[in-house]
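Colleague: here's a sequence, model it:
(one chain, ligands or ions: 2)
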Amino acid sequence: MAVNSDTNKYLGKMEDPWKEAMDHAVAVARKAGAVIRDALQNEVKIMCKSSSVDLVTKTDQKVENLIIASVKEKFPTHSFIGEESVAAGQPCILSDNPTWIIDPVDGTTNFVHGFPFVAVSIGFAVKKELEFGVVYSCVEDKMYTGRKGKGAYCDGEKLQVSDQTDIRKSMIISELGSNRDPETVSKIFSTMQKILCIPVHGLRGSGTAATNMCLVASGAVEAFFEIGIHCWDIAAGAVIVTEAGGVLLDVDGGPFDLMSRRMVSANNKTIADRIIKEIDIFPAERDDAVKK
Ligand SMILES: O=P(O)(O)OC[C@@]1(O)O[C@H](CO)[C@@H](O)[C@@H]1O
Ligand SMILES: [Mg+2]
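Modeller: Residues are numbered from 1 along each chain as shown. Ligands and ions are numbered 1, 2, ... in the order given. This next block holds a predicted model:
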């Protein structure tokens with residue numbers, strides 16, 4: 001049967017209603033990454049947000065504005081949750097509307113120190129369900145993508161999590177975070193100590209949650225866990241990990257909740273459950289907590 005090009009277009013859209021949005025995310029993430037790379041050549045002026053170790057720069061704000069303006073022009077009805085917009089007082093509520101969840105510079109501390117792991121992270125959710133994720137690790141120039149039901153890729157190569165089920169042969173990645181409350185820091189260290197002493201092969205941290213999740217998806221590490229991350233750090237990575245065959249759980253073993261600021265992402269449930277056994281949970285206010 002002959003199919004004319006209009007029908008093809010229609011069928012194409014039916015096959016993937018968010019293809020255009022995802023292609024746009026990849027293009028704008030690449031553009032944003034080039035801005036970050038350029039900025040790395042210059043002296044960076046540092047500002048602080050919630051504390052002296054919660055850093056932000058003009059580049060974070062410039063890149064977030066660039067991404068939002070470019071998406072708004074193409075998809076004017078869509079909603080946004082962006083790290084710097086939330087810091088400036090915008091609400092952090094995930095509605096049913098198509099929503100872009102953006103971390104313009106994941107790894108700002110790395111960025112200001114020239115530590116070479118910085119990512120642009122763009123997740124996209126519809127009816128509160130994540131549809132695709134794009135993480136551009138811009139210093140390495142690696143483009144990671146995940147599309148619900150269609151797999152995860154890095155620069156066109158299909159990603160697959162590690163098949164390791166033995167925690168003693170595993171490499172784990174986590175972060176120390178930016179909370180310097182001594183009680184919280186000691187819980188983070190005690191969790192890391194217990195995991196190290198299982199013993200695991202190694203414990204790492206890249207300084208960017210989005211990159212950490214891509215490392216789980218690539219099979220370079222078996223798991224990444226953290227309490228204190230935000231939805232913009234992990235929305236894109238969540239799709240990339242699950243599409244590479246991995247699992248996402250809450251740190252208490254319950255279902256993953258994007259807005260809860262707690263997550264274990266792993267190659268499989270055996271590894272995730274083993275890590276969960278060692279996590280000393282501490283409180284972190286939800287991203288969507290109603291502000292008084
Ligand atoms: O502020 P940024 O640079 O976008 O986020 C960086 C980051 O340190 O914040 C999270 C919470 O600690 C970490 O997992 C993540 O790597
Ligand atoms: Mg971040």
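Colleague: and the contacts of the top helix by length along the chain?
Modeller: Longest helix in the chain, counting residues (DSSP state H): helix 19-39. The contact list for helix 19-39 (C-beta atoms under 8 Å, 6 or more residues apart in numbering) reads 12-13, 16, 57, 59, 62-63, 66-67, 70-71, 74-75, 78, 98, 100, 104-105, 111, 118, 120, 122, 124, 131-132, 134-136, 138-139, 141, 143, 145, 147. C-beta: built from backbone N, CA, C; applies to glycine.
Colleague: which of these are buried?
Modeller: For the contacts of helix 19-39, a neighbour count by 16 or more other C-beta atoms under 10 Å gives the buried set as 16, 57, 59, 62-63, 67, 70-71, 78, 98, 100, 104-105, 111, 118, 120, 122, 124, 131-132, 134-136, 138-139, 143, 145, 147.
Colleague: just the residues you listed: which are in strands?
Modeller: Judged by DSSP state E, the buried ones among the contacts of helix 19-39 include 57, 100, 104-105, 120, 122, 124, 131-132, 134-136, 143, 145, 147 as members of strands.
Colleague: near ligand 1, which residues of the stretch 51-200 of the chain? Just list them.
Modeller: With the criterion set to C-beta under 6 Å from any ligand atom, the stretch 51-200 of the chain comes near ligand 1 through 83, 103, 105, 106, 107, 108, 175, 177, 178.
Colleague: next, count neighbours for the first one.
Modeller: Residues within reach of residue 83, counting by other C-beta atoms under 10 Å, total 25.
Colleague: pretty sure it is touching residue 103, no?
Modeller: Yes: with contacts counted by C-beta atoms under 8 Å, residue 83 reaches residue 103, the gap being 5.0 Å.
Colleague: okay, and the common contacts of these two?
Modeller: Shared contacts of residue 83 and residue 103, defined by C-beta under 8 Å, 6+ apart, are found at 230, 232.
Colleague: which residues in this structure form helices?
Modeller: Counting by DSSP H, the helices of the chain are 5-15, 19-39, 58-74, 83-87, 108-113, 182-196, 209-218, 231-243, 269-276.
Colleague: which of those helices sits closest to residue 160?
Modeller: Closest approach to residue 160 among these (C-beta to C-beta): helix 209-218, 8.2 Å.
Colleague: mind checking how far that closest one is from the chain centre?
Modeller: Centre-to-centre, helix 209-218 and its host chain are 8 Å apart (C-alpha atoms, centre = their mean, to the nearest Å).
Colleague: shouldn't residue 128 be in contact with residue 94?
Modeller: Yes: if you go by C-beta under 8 Å, residue 128 and residue 94 touch, sitting 5.5 Å apart.
Colleague: who's more crowded, these two?
Modeller: Shown here are residue 128 and residue 94; by other C-beta under 10 Å, residue 94 has more neighbours (20 against 12).
Colleague: is that one in contact with residue 126, as I believe?
Modeller: No: between residue 94 and residue 126 there is no contact under C-beta under 8 Å: 10.5 Å.
Colleague: would you mind naming the residues that bridge with residue 132?
Modeller: Applying DSSP bridges to residue 132 gives these bridge partners: residue 124, residue 147.
Colleague: likewise residue 157?
Modeller: Beta bridges link residue 157 to residue 154 when assigned by DSSP bridges.
Colleague: any idea of the pLDDT on it?
Modeller: For residue 157, the model assigns a pLDDT of 98.
Colleague: repeat for the one 3 residues further on
Modeller: Per-residue confidence (pLDDT) for residue 160: 98.
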